[in-house]
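Peer 1: Just a sequence and a predicted model for now, questions to come.
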Amino acid sequence: MAMRPPVSVPTLSRRAKFVIGAIAVLLVLFTAIGTLTNVYVDYLWFDETGYTEVFWTELQTRALLFAVAGVATGGLTALAIHLAYRFRPTFRPMSLEQQNLERYRQSLEPRRTLVVSAVAVVVGLFAGFTAQGSWETWLAFRNSTDFGQTDPQFGLDLSFFVFDYPFYRLLLGFGFAIVLLALMGSLLTHYLFGGLRLQTPGQKLTSAAMVQLSVLLGLFVLLKALAYWMDRYGLVYSDRGDLFTGASYTDVNALLPAKTILVFAAAFCALAFFANIVVRNLRLPAAALVLLLLSSLVIGVAYPAIVQQFVVKPSADQREADYISRAIEATRQAYNLTDDQVSYVDYAQSATGEEVDTEAAEAQLRADTGTIPNARLLDPNVLSATFTARQQIRNVYGFPEKLDIDRYTLPDPETGEPVTRDYVVAVRELDSESLSENQSSWINRHTVYTHGNGFVAAPANQVVEVAAGQEGGVPNFTTLDLPTRGNIEVEQSRIYYGELLQDQGEDVYSVVGANEGEEPREFDRPEDSGSDEGQINNTYDGEGGVSIGSFFRQLTFAIYYRERNFLLSGAVNDASRVLYVRDPRDRVEKAAPFLEVDGDPYPAVIDGEVTWILDGYTTSDSYPYAEFMELGEAATDALTGQGTTALPDEQFNYIRNSVKATVDAYDGTVTLYEWDQQDPVLQTFMKAFPGVVQPFEDIPDELRAHVRYPEDLFKLQRDILTRYHVSDPQDFYQGNDRWQVPADPTVETDEAQPPYYILAQRPGDEEATFQLTSALNAFRRQNLSSFISASSDPDSYGEIQILRLPGNTPFLGPSQVQDTFNTDADVARDLNLFRSADSQPVFGNLLTLPIGEDGLLYVQPLYVEGTGQNSFPLLRKVLVNYGERIGYADTLSEALDQVFGAGAGQSATDGEDADTTPDTETPATPSETPPTSGSPTEPTPPPVDGGGGAAPGLEQAVANLDAALQALADAQRSGDFSAQGQALEDLQVAVEAYQAAQAAASPGG
């Protein structure tokens, strides 16, 4: 048979080769310059912060894994291809198949070395990039720390599952990948060069091809035997039980023996392939492979399914009891909810659900010295606009949408004795996104407006009382203004590192510093905090930032930020420093990449310095028998919104609040402190990064006084507790006594109610402590089942107390209490008044406060906010619920009196004179001040029957308003649209008449 002439391959001209080579060199050069610049800028940041140990350890580990995985994968794949070519047959029968392949062989032959090398490089690069992403897995394996606990099935220390098992699985994965790539490369090479002849009569495989393929297939099946062995340990993560995680009855009694049998079956199959090196007959390994496949289907799939269906399901609650107990215990351990951390208190056991015993309740109120005096009326999630209106001072400053709660122990103004109070706190940050157009040039944005200034605090249980010439309902700022003054002493108030230094989500850098004798360039503060005239400039003299005095550094950052002004601007000089990575959370995550960082950093004044405090978590997704959670999803509530939590949406089943981190707001110093001294995961990474985390003993006492139990961790734990507070496995399986997190009643969505920080006295405690709290409802019901609180006090930090309510007595849950507020006649009337074209009501956080040994008191502030552009909420009313009774008044004290009788609210301290708060802004215009049913400086009038003294005209107006509301409700129930329209018109007339009567009855009216 005549052979076809070889096909000539077109060659490139010398000029084309030069152009392509030049383009390739330029691409490589630009890529290399960009990559090296990024790495160098990263190194400069780590060098500035003192965390070069982290930089080098991570870089070296990534490089090691990249090199090992790349060389092993690329090298072994290339070796397999080379061997297949090396042992190609010298004579190939020229069938039609071989004639078609001949032209490809002739094309590849001159470039064979180049092609094999290219394949090795590409495969090696992919493998290297994949492996280097697992650098934490390798470090955890290499530095693993024993847990001191063994799993109940295999008797192994838990460190095997948390640190070793993931690494072994990683190795197995790469082993399979290498063998498969080598097998594919060998098959293709043998086919191309005649060792494998699919369409040629006679022998399909040469002896050399059979030997090589048998070895590779034998290695693959041997790896499968190892995988079956590792699968045995992987049963501790099984989800076969549906309601729980971990090995179930079927897994232990059916699948575990099956996996063991399959180990030996796979090993026998591998031996059959290896024996084929000598026997060179495919029948034996083929029969062994078929046997392995059948075994895996029969005993690995069918048998466990039969056991599950016919043995377990008919009596699952009994069959799974032991394994559910394992899951309950392991899940509690994994989320730090063991008996030494969680205490259960049977609360309000004497409650009967009948009319409230007001005398007993009043006695408990009078005896309370820690909860009622500290009842929080300022909602940090509502008052950002109020802080902005009262304390922004300049447009370049701003406050975050969510303010923070912290406590300070300060001398009482009257007695001089130290008193602990909780405060709503915030720092006056530079808000990069609020700069006007003429403030947004490169010079202004990066060299003039470089920092915020000031710390603002207001007692959380107080507002300014109404006084002549002074608007009431605003926070009673006790630390305020510029320069900062007040009862919290702040020595360094400049804020160079904060949460608002972002521009469309990107970090905003600043160039600071000046040569000696130069005029200060950075805007520091206005000369007068009450005026827009004049300003005081400043030159940064802190240790933060990276020096860019040299031309090389300036060129580096010009390339990094793609900004030529680093080279051309006169604002960049020998003394200049660039501040970058300025968000506290980003700085901690960069300094400690092995931590997940809580999404809510908060500022505190420590030793006169403004310091950001953050919580760091160590997590694992390999804790045996523990339920898996989605980190970001579990931390989502009505405040964060779906998908907007700062935590990544990653799966895990172990977490510890292992680190407390601080970031200095002035110089950016990052300090990591060991907090959980018993956490093996943290100890493992402390071995990997020696000196990065400071020991627990080094934590300053003043920092300890400001630590808070973290919100994100608390939200995870309360979600776990809704199911895993049950100890009996049958009750767990049947869902008895299950709880659920209530929806936030103050918003229209069904998102979970966020937890709240309060300063309160827990049952059994002698004094008030700072704690994080949440109500929990019965499952799929609105009744309250329990109340959970986590202590932030340094002496009892992390101790969780759960008040269990009796199941036979319905206690109102948050949504039910909110409904009773909304449907109360007096509240409904005012809400209709507040809902107008010029204003809207805003409900604050609905707090649940345990009182004494039997009572739960609900307290909620009601704000009114204008609809104008610069409007802000003011506290106008306080709502109180106890049992079936509702209080609704201008102050908490008055509302408590309405519920419990005169004098019951005397311990409430919710109003203060405004003499400590000077007017730091020009008076708000009517469009900026939220209108209420009365004059701007008057609280809403009390109900007509609640205190007397109302004018007859006002009483008649109220009666007409009530009648109009009733008529509207009747029309809505009947579905008569024409009647509804008439009722709305009558309601509008009644509202106008009420407002006119109120104005006539007011002084000077």
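Peer 2: Nice, thanks for sending it over.
Peer 1: Show the end-to-end separation of stretch 689-707, please.
Peer 2: In stretch 689-707, first residue to last residue: 24 Å (Cα to Cα, to the nearest Å).
Peer 1: Sort out which residues of it are buried, please.
Peer 2: 689, 692-693, 699, 703, 705-707 (16 or more other Cβ atoms under 10 Å). Every residue, glycine included, has its C-beta placed from N, CA and C.
Peer 1: Give me the distance between residue 440 and residue 519.
Peer 2: Separation of residue 440 from residue 519 (Cβ to Cβ, to the nearest Å) stands at 22 Å.
Peer 1: got it, and residue 155?
Peer 2: 73 Å.
Peer 1: and if you look at residue 491?
Peer 2: Counting by Cβ to Cβ - residue 491 and residue 519 are separated by 25 Å.
Peer 1: The two: which has the busier surroundings?
Peer 2: Legend: neighbour count by other Cβ atoms under 10 Å for residue 491 and residue 519, higher for residue 491 (10 against 7).
Peer 1: and stretch 188-208, how far from the chain's centre?
Peer 2: Computed by Cα atoms, centre = their mean, to the nearest Å, the chain-centroid distance of stretch 188-208 equals 57 Å.
Peer 1: For the closest residue to residue 69 other than its chain neighbours, which residues are in contact?
Peer 2: Distance criterion Cβ to Cβ, 6 or more residues apart in numbering; nearest residue to residue 69, sequence neighbours excluded, is residue 131 at 3.3 Å. For residue 131, the contact set (Cβ atoms under 8 Å, 6 or more residues apart in numbering) comprises 65-66, 68-70, 170, 174.
Peer 1: mind checking the end-to-end distance for stretch 442-461?
Peer 2: One end of stretch 442-461 sits 43 Å from the other (Cα to Cα).
Peer 1: So which bits of it are buried?
Peer 2: Applying 16+ other Cβ under 10 Å to stretch 442-461 flags 444-461 as buried.
Peer 1: could you dump the contacts of residue 131 to JSON lines with neighbour count, distance to residue 759 and secondary structure?
Peer 2: Shown next, in JSON lines, are the contacts of residue 131 (neighbours: other Cβ atoms under 10 Å; distance: Cβ to Cβ, whole Å; DSSP: H, G, I helix; E, B strand; the rest coil):
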{"residue": "65", "neighbour count": "22", "distance to residue 759": "49", "secondary structure": "helix"}
{"residue": "66", "neighbour count": "20", "distance to residue 759": "52", "secondary structure": "helix"}
{"residue": "68", "neighbour count": "16", "distance to residue 759": "55", "secondary structure": "helix"}
{"residue": "69", "neighbour count": "23", "distance to residue 759": "54", "secondary structure": "helix"}
{"residue": "70", "neighbour count": "22", "distance to residue 759": "57", "secondary structure": "helix"}
{"residue": "170", "neighbour count": "18", "distance to residue 759": "48", "secondary structure": "helix"}
{"residue": "174", "neighbour count": "18", "distance to residue 759": "54", "secondary structure": "helix"}
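Peer 1: ok, back up a step: if I've got this straight, the residue nearest to residue 69 is in a helix?
Peer 2: Yes: looking at residue 131 with DSSP: H, G, I helix; E, B strand; the rest coil, it is inside a helix.
Peer 1: Tell me how far it lies from residue 760.
Peer 2: Distance from residue 131 to residue 760, counting by Cβ to Cβ: 52 Å.
Peer 1: quick one on the thing from earlier: and the contacts of residue 131, which two are furthest apart?
Peer 2: Greatest spatial distance in the contacts of residue 131: 70 and 170, 14.9 Å, computed using Cβ to Cβ.
Peer 1: Tell me how far residue 385 lies from residue 427.
Peer 2: The value you get for residue 385 to residue 427, if Cβ to Cβ is used, is 17 Å.
Peer 1: Counting neighbours, go ahead and name the busier of the two.
Peer 2: residue 427 (28 against 17).
Peer 1: Over to the residue nearest to the spatial centre of the chain. Which of the three states is it?
Peer 2: In the chain, the residue lying closest to the centroid (Cα atoms, centre = their mean) is residue 647, at 2.6 Å. Judged by three-state DSSP, the three-state class of residue 647 is coil.
Peer 1: That one contacts residue 635, doesn't it?
Peer 2: Yes: with contact defined as Cβ atoms under 8 Å, residue 647 reaches residue 635; the gap is 5.0 Å.
Peer 1: intersection of neighbour lists for the two?
Peer 2: Common neighbours of residue 647 and residue 635 (Cβ under 8 Å, 6+ apart) are 599, 712.
Peer 1: Name the nearest residue to residue 681, ignoring sequence neighbours.
Peer 2: Distances taken as Cβ to Cβ, 6+ apart place residue 618 nearest to residue 681, at 4.0 Å, with adjacent residues excluded.
Peer 1: and the one you found, bridged to which residues?
Peer 2: For residue 618, the beta-bridge partners are residue 656 (DSSP bridges).
Peer 1: can you pull the pLDDT of it?
Peer 2: We have a pLDDT of 96 for residue 618.
Peer 1: Pull the contacting residues for it.
Peer 2: Counting by Cβ under 8 Å, 6+ apart, residue 618 has contacts 594-596, 655-656, 658-659, 679, 681-682, 685.
Peer 1: now it: how far from residue 627?
Peer 2: Using Cβ to Cβ, which is the criterion applied here, residue 618 is 18 Å from residue 627.
Peer 1: just residue 401 next, same as before
Peer 2: Noted for residue 401: a distance of 32 Å to residue 627, by Cβ to Cβ.
Peer 1: go on, residue 721?
Peer 2: From residue 721 to residue 627 the distance is 12 Å (Cβ to Cβ).
Peer 1: follow-up on the earlier one: can you put the contacts of residue 618 in TSV and add secondary structure?
Peer 2: As requested, these are exported to TSV (three-state DSSP):
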residue	secondary structure
594	coil
595	coil
596	strand
655	strand
656	strand
658	strand
659	strand
679	coil
681	helix
682	helix
685	helix
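Peer 1: Now for those residues: which two are most distant?
Peer 2: 655 and 685 (14.4 Å).
Peer 1: So between those two, which is more surrounded?
Peer 2: Neighbour count, other Cβ under 10 Å: between residue 655 and residue 685, residue 655 has more, with 26 against 23.
Peer 1: Settle this for me: the more buried one is touching residue 336, isn't it.
Peer 2: Yes: with contact defined as Cβ under 8 Å, residue 655 reaches residue 336; the gap is 7.5 Å.
Peer 1: Low-confidence stretches in the stretch 301-450 of the chain?
Peer 2: The model of the stretch 301-450 of the chain has pLDDT under 70 over residues 349-358, 361.
Peer 1: What are the boundaries of the strands in it?
Peer 2: Secondary structure of the stretch 301-450 of the chain (DSSP state E, counting those that start in this stretch): strands at 342-346, 397-398, 404-411, 418-427, 429-430.
Peer 1: quick one: strands adjacent to the fourth one?
Peer 2: For strand 418-427, the paired strands and their directions (DSSP bridges) read strand 404-411 (antiparallel), strand 455-459 (antiparallel).
Peer 1: The stretch 451-600 of the chain: helices as residue ranges?
Peer 2: Secondary structure of the stretch 451-600 of the chain by DSSP state H, counting those that start in this stretch: the helices cover 551-561, 565-568, 584-591.
Peer 1: Take those helices and write them to a markdown table, including distance to residue 49.
Peer 2: What follows is the helices of the stretch 451-600 of the chain, written out as a markdown table (distance: least, Cβ to Cβ, whole Å):
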| stretch | distance to residue 49 |
| --- | --- |
| helix 551-561 | 17 |
| helix 565-568 | 21 |
| helix 584-591 | 6 |
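Peer 1: okay, these, which one's buried deepest?
Peer 2: helix 584-591 (a mean of 22; mean count of other Cβ atoms under 10 Å).
Peer 1: which other residues reach that one?
Peer 2: 45-46, 49, 51, 54, 497-499, 507, 581, 595, 597, 599, 601, 612, 614, 616, 646, 661, 663, 668, 670, 672, 692.
Peer 1: out of these, which are buried?
Peer 2: Neighbour counting by 16+ other Cβ under 10 Å classes 45-46, 49, 51, 54, 497-499, 581, 595, 597, 599, 601, 612, 614, 616, 646, 661, 663, 668, 670, 672, 692 among the contacts of helix 584-591 as buried.
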